[in-house]
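Chemist: Provided below are the primary sequence and the corresponding predicted coordinates.
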Amino acid sequence: GRSFADCFNDVWILDRVAKQWRQLPTTGEAPSPRVWTKAVLVQHTMLAYGGAYWAFSQGCHGNDAPGTVWSLSFQDNAWSRFGPPPIP
């Protein structure tokens, strides 16, 4: 998500019964804060691709290299990275 001035890399879950949002604690290296991310849910895993930091500069892709896909397992709430190595 993002506020007016900042991006975040937190994950929130909607409890449809309680009608409340709760933050999901995660482990592992997470994607850097970003906007414009695309994500899909495949069984118990969220796959996230793309997005950029809220800036228009060479460093706007954070800890991604083009082609990186992030995976968040909802079985253990752990992030994993797939694709090219991170940008130094």
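Modeler: Here it is on my side, so go on.
Chemist: Could you tell me how far the spatially most central residue of the chain is located from residue 72?
Modeler: A centroid search over the chain (C-alpha atoms, centre = their mean) returns residue 31, at 4.9 Å, as the residue closest to the centre. Separation of residue 31 from residue 72 (C-beta to C-beta, to the nearest Å): 9 Å. For every residue, glycine as well, the C-beta is placed using N, CA and C.
Chemist: Then residue 29?
Modeler: 11 Å.
Chemist: before we move on, what about residue 52?
Modeler: 19 Å.
Chemist: List the contacts of the nearest residue to residue 28 once chain neighbours are set aside.
Modeler: Closest residue in space to residue 28, ignoring its immediate chain neighbours: residue 79 at 4.0 Å, by C-beta to C-beta, 6 or more residues apart in numbering. For residue 79, the contacting residues are 26-31, 70-72, by C-beta atoms under 8 Å, 6 or more residues apart in numbering.
Chemist: Can you pull out the low-pLDDT segments for the protein?
Modeler: 1-5, 53-64, 85-88 (pLDDT under 70).
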